[in-house]
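Participant: Please work out how this folds:
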Amino acid sequence: MLKLEYMHDAIVIIPTYNEIENIEAIIRAVFFQEKGFHILIVDDNSPDLTALKVKELQDEFPEQLFLLNRKNKTGLGTAYIDGFKWCLKLHYNYIFEMDADFSHNPKDLIRLYNTCQEDEADVAIGSRYIDGVNVVNWPLGRVLLSYGASMYVRLITRMKIHDPTAGFVCYKRQVLEALDLDNVKFVGYAFQIEMKFKAHLHKFKIVEIPVIFTDRIRGKSKMSGTIISEAIFGVLNMKIKSLFGT
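Facilitator: Numbering: from 1, shown residues only. Here you go, the predicted structure:
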């Protein structure tokens with residue numbers, strides 16, 4: 001049973017699939033921060049038993065660490081949607097997205113939190129591109145692809161967001177409550193674009209803060225050609241539908 005005082009502040013959602021090499025370290029790193037964050041791991045039945053390691057750690061962090069087991073790997077977007085719904089039911093006010101592989105620095109969580117809690121942003125984005133190109137250990141081709149995708153999204157959607165594909169985000173609960181989560185279409189990394197676009201259409205205050213993105217050292221990237229294709233072609237379709245109110 002969760003204590004009431006634990007149900008109203010900040011929780012970090014970390015979706016996982018075969019992250020056994022990173023999971024314990026990232027959990028401990030988040031809990032090491034001065035701000036008391038909770039963590040929800042959304043695991044897609046990882047064959048490497050990531051979820052089992054999380055269950056072991058729950059004995060050590062029984063009121064801070066939570067696990068949502070899913071039977072199948074159905075995409076990043078659906079993992080976050082399931083996580084959002086779980087967090088909203090428990091009345092957390094600040095809900096974070098974060099990768100398990102240390103590409104997002106846990107030390108930046110408090111900066112995102114303060115941007116929403118003190119600076120009154122509705123959505124705070126850890127941005128790779130608002131202050132130059134802050135990416136470490138990516139090959140040039142991937143940097144160009146990511147940066148080019150961001151420029152493409154800005155052109156199509158007219159959002160004034162430098163890093164619309166960013167996956168390091170803090171949402172106030174009222175943003176997620178206002179969006180129709182059941183109507184989110186994208187399941188890959190384009191999900192990140194769609195969520196920001198929906199928040200933009202609802203006129204929520206979106207603020208970017210500069211962060212340094214470091215490519216994973218352990219484990220395998222989930223990036224694929226299908227994910228890239230979804231982002232490129234789906235964004236145009238998303239924009240057209242928005243013009244007709246659909």
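Participant: where along this structure do the strands fall?
Facilitator: For the chain, the strands defined by DSSP state E occupy 10-16, 38-43, 65-69, 94-97, 123-127, 135-136, 169-172, 206-210, 213-214.
Participant: Name the residues that touch the last one?
Facilitator: So the one you mean is strand 213-214. The contact list for strand 213-214 (C-beta atoms under 8 Å, 6 or more residues apart in numbering) reads Phe102, Ser103, His104, Asn105, Gly126, Arg128, Asn134, Val135, Val136, Asn137, Trp138, Phe168. For glycine as for every other residue, the C-beta is placed from the backbone atoms N, C-alpha and C.
Participant: Let me have these in JSON lines, adding distance to Thr16 and neighbour count as columns.
Facilitator: Listed next are those as JSON lines, based on distance: C-beta to C-beta, whole Å; neighbours: other C-beta atoms under 10 Å:
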{"residue": "Phe102", "distance to Thr16": "13", "neighbour count": "18"}
{"residue": "Ser103", "distance to Thr16": "13", "neighbour count": "23"}
{"residue": "His104", "distance to Thr16": "14", "neighbour count": "26"}
{"residue": "Asn105", "distance to Thr16": "18", "neighbour count": "16"}
{"residue": "Gly126", "distance to Thr16": "19", "neighbour count": "28"}
{"residue": "Arg128", "distance to Thr16": "22", "neighbour count": "27"}
{"residue": "Asn134", "distance to Thr16": "25", "neighbour count": "16"}
{"residue": "Val135", "distance to Thr16": "22", "neighbour count": "17"}
{"residue": "Val136", "distance to Thr16": "22", "neighbour count": "10"}
{"residue": "Asn137", "distance to Thr16": "21", "neighbour count": "11"}
{"residue": "Trp138", "distance to Thr16": "21", "neighbour count": "17"}
{"residue": "Phe168", "distance to Thr16": "16", "neighbour count": "24"}
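Participant: Redo those residues as CSV? Include pLDDT and distance to Leu201.
Facilitator: As requested, the contacts of strand 213-214 are exported to CSV (pLDDT from 0 to 100; distance: C-beta to C-beta, whole Å):
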residue, pLDDT, distance to Leu201
Phe102, 94, 33
Ser103, 94, 28
His104, 95, 26
Asn105, 96, 30
Gly126, 97, 22
Arg128, 92, 23
Asn134, 82, 28
Val135, 82, 28
Val136, 86, 33
Asn137, 77, 35
Trp138, 78, 31
Phe168, 97, 22
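Participant: For Arg158, find the nearest of the strands of the chain.
Facilitator: strand 206-210 (13.0 Å; C-beta to C-beta).
Participant: quick one: the closest one to chain centroid distance?
Facilitator: Computed by C-alpha atoms, centre = their mean, to the nearest Å, the chain-centroid distance of strand 206-210 equals 14 Å.
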